[in-house]
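In: build me a model:
(one chain, ligands or ions: 3)
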Amino acid sequence: MTAHIVLLPGDGIGPEVTAAARLVLEAADARFDLGLSFVEHDFGGIAIDRNGDPFPADTRIACEAADAILLGAVGGPKWDGGDLRPEAGLLGLRKALGTFANLRPIALFEGLEHLSPLKPDRAAGIDLLIVRELTGGIYFGQRREGDDHAADECAYSAEEVERVARIAFIAARGRSGRLTSVDKANVLATSRLWRTTVIRLHEAEFGDVTLDHMLVDAMAMKLIEAPAWFDVILTENMFGDILSDEASVLAGSIGLAPSASLGKGPRGLYEPIHGSAPDIAGQDKANPIGAIMSAAMLLRHSLDKGAAADAIEEAVRAHLADGARTADLGGEMGTMATAEGVAGRV
Ligand code: NAD
Ligand code: IPM
Ligand code: MN
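Out: Ligands and ions are numbered 1, 2, ... in the order given. The predicted structure follows:
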């Protein structure tokens, strides 16, 4: 059986980290006989340049027919301020695929503890999973943009909250059994709906999971103060965006952090959490490990190939344990050499 993977390399370092992840997937395919097939499509800024649309129709059709999609990153100064934005394509893709739950695991790698900006005793034991709502909230509300007035609506339905909360509860059950739900219920109506919906689902179906609630400002502080205390963190779209960048740095670099965006079926969208990093694009400097770990998540969640996913994650750990580092980790190894190192270990 063939597994159809659509690659959306995108902009900036996107093509570099996507090529790296593909190399590692091909190594896993050679070892585990996964039957992977790859096809690339324009997406983001490059798609604006070539097609006048960040999310062209043929890209959409290919993604809807795929088993999984691996995305690099989109955006960059070239398109800032234009009428068409690469980032709008990304929101359109997430919405079109219905990938409402974005899983962002962040853990310390052995040997990289010293790269955390936290003192060793505070960084020790960081191993958390952020479950970010991805297709609702302020990203998708009504927008009004004028010269002297602008508004972004933040809206959630109970159903939107419940479906992503269910994924977070199930994830917590498979980990330490603890879930922290993050909101701003002291101010926002959407947050009060969020909290009551999470509490209702907890009482109805997940009494075995320990649930607590935290306001997002306190969470931003606690993540620095005691990150190892947290296990699964559930939050809405924009809070999840911000907290996950913050959390990624606690483990050394945003270049290490992967993500999986899931909806109803097995098809998923996989992307490192970082952006197009225009400051280092085209220099073979980008850390591809976030993209490579995203590829491992793709195998596990969309293709049910857990052993191959484990092999990639193990190869990444072995590669890093050998002292091989990209510039963001204080080393000199390039993007493709990193990919070759990991692929060789797979
Ligand atoms: P960024 O994540 O691109 O970069 C932030 C910093 O982290 C930069 O110093 C960059 O060099 C570094 N960095 C990021 N990824 C790295 C990697 N793999 N290896 C080493 N260093 C890495 O964030 P930004 O600069 O705020 O955004 C740049 C552009 O990317 C913007 O247009 C933004 O909209 C877009 N963006 C896209 C995505 C996505 O496609 N999913 C995500 C975030 C930002
Ligand atoms: C991310 C990015 C995107 C987001 C942008 C580029 C739209 O920051 O994937 O984290 O905010 O979701
Ligand atoms: Mn982000």
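
In: could I get the pLDDT score of the spatially closest residue to Pro120 that is not a sequence neighbour?
Out: Nearest residue to Pro120 in three dimensions, chain neighbours excluded: Glu113, at 6.1 Å (CB to CB, 6 or more residues apart in numbering). No exception for glycine: its C-beta is placed from N, CA and C like everyone else's. For Glu113, the pLDDT comes out at 92.

In: for the stretch 1-150 of the chain, which segments count as strands?
Out: Listed in chain order, the strands of the stretch 1-150 of the chain (DSSP state E, counting those that start in this stretch) span 3-10, 36-40, 68-73, 101-107, 127-133, 143-145, 150-152.

In: oops, could you answer that again for the stretch 151-300 of the chain instead?
Out: With DSSP E, counting those that start in this stretch as the criterion, the stretch 151-300 of the chain has strands at 178-183, 210-215, 232-235, 260-262, 268-270.

In: which among the ones you listed is found nearest to ligand 2?
Out: strand 260-262 (8.9 Å; CB to the nearest ligand atom).

In: residues making contact with the closest one?
Out: 94, 97, 99-103, 134, 167, 268-271, 294, 297-298, 301 (CB atoms under 8 Å, 6 or more residues apart in numbering).

In: about what we covered before: need the strands of the stretch 151-300 of the chain in JSON lines (columns: distance to ligand 1, mean pLDDT and mean neighbour count).
Out: Compiled in JSON lines, those are given as follows (distance: least, CB to the nearest ligand atom, whole Å; pLDDT from 0 to 100; neighbours: other CB atoms under 10 Å):
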{"stretch": "strand 178-183", "distance to ligand 1": "20", "mean pLDDT": "98", "mean neighbour count": "24"}
{"stretch": "strand 210-215", "distance to ligand 1": "24", "mean pLDDT": "98", "mean neighbour count": "16"}
{"stretch": "strand 232-235", "distance to ligand 1": "17", "mean pLDDT": "98", "mean neighbour count": "28"}
{"stretch": "strand 260-262", "distance to ligand 1": "10", "mean pLDDT": "98", "mean neighbour count": "24"}
{"stretch": "strand 268-270", "distance to ligand 1": "10", "mean pLDDT": "98", "mean neighbour count": "28"}
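
In: would TSV of the ones you listed with distance to ligand 2 be doable?
Out: Converted to TSV, the strands of the stretch 151-300 of the chain look like this (distance: least, CB to the nearest ligand atom, whole Å):
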stretch	distance to ligand 2
strand 178-183	16
strand 210-215	21
strand 232-235	13
strand 260-262	9
strand 268-270	10
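
In: the residue nearest the centre of the chain and Val17, how far apart?
Out: Per CA atoms, centre = their mean, the C-alpha nearest to the average position across the chain is that of Ser259, at 2.6 Å. Distance of Ser259 to Val17, given as CB to CB, to the nearest Å: 13 Å.

In: which residues are in contact with the residue of the stretch 51-200 of the chain found nearest ligand 1?
Out: Closest contact between the stretch 51-200 of the chain and ligand 1, by CB to the nearest ligand atom, is at Gly75 (2.5 Å). Neighbour list for Gly75: Asp11, Gly12, Gly44, Gly45, Arg85, Pro86, Glu87, Gly275, Ser276 [criterion: CB under 8 Å, 6+ apart].

In: and it, how far from ligand 2?
Out: 6 Å (CB to the nearest ligand atom, to the nearest Å).

In: leaving out the residues flanking it, which one is nearest to that residue?
Out: Pro86 (4.5 Å).

In: now swap in Ile46 and tell me
Out: In space, and not counting its chain neighbours, Ile46 is closest to Asp11: 5.9 Å by CB to CB, 6+ apart.

In: neighbours around Asp29, how many?
Out: 19 (other CB atoms under 10 Å).

In: what's the separation between it and ligand 2?
Out: Taking CB to the nearest ligand atom, one finds Asp29 at 27 Å from ligand 2.

In: do Asp208 as well
Out: From Asp208 to ligand 2 the distance is 31 Å (CB to the nearest ligand atom).

In: before we move on, what about Arg175?
Out: Using CB to the nearest ligand atom, Arg175 is found at 22 Å from ligand 2.

In: which ones are touching that residue?
Out: Residues in contact with Arg175 (CB under 8 Å, 6+ apart) are Leu129, Asp231, Val232.

In: I'd say the first one and Phe230 touch.
Out: This means Leu129. No - if you go by CB atoms under 8 Å, Leu129 and Phe230 don't touch, sitting 9.0 Å apart.

In: so which of the two has more stuff around it?
Out: Counted by other CB under 10 Å, Leu129 and Phe230 do not tie: Phe230 has more neighbours, with 24 against 21.

In: quick check: closest non-adjacent residue to the more buried one.
Out: Leu128 (4.8 Å).

In: quick check, pLDDT for the residue of the stretch 101-250 of the chain found nearest ligand 1.
Out: In the stretch 101-250 of the chain, the residue that lies nearest ligand 1 is Asp245 (7.5 Å; CB to the nearest ligand atom). Predicted confidence (pLDDT) for Asp245: 96.

In: can you report how many residues lie near the residue lying closest to it once chain neighbours are set aside?
Out: Leaving aside its chain neighbours, Asp245 sits nearest to Ile254 (6.3 Å; criterion: CB to CB, 6+ apart). By other CB under 10 Å, 21 other residues sit near Ile254.
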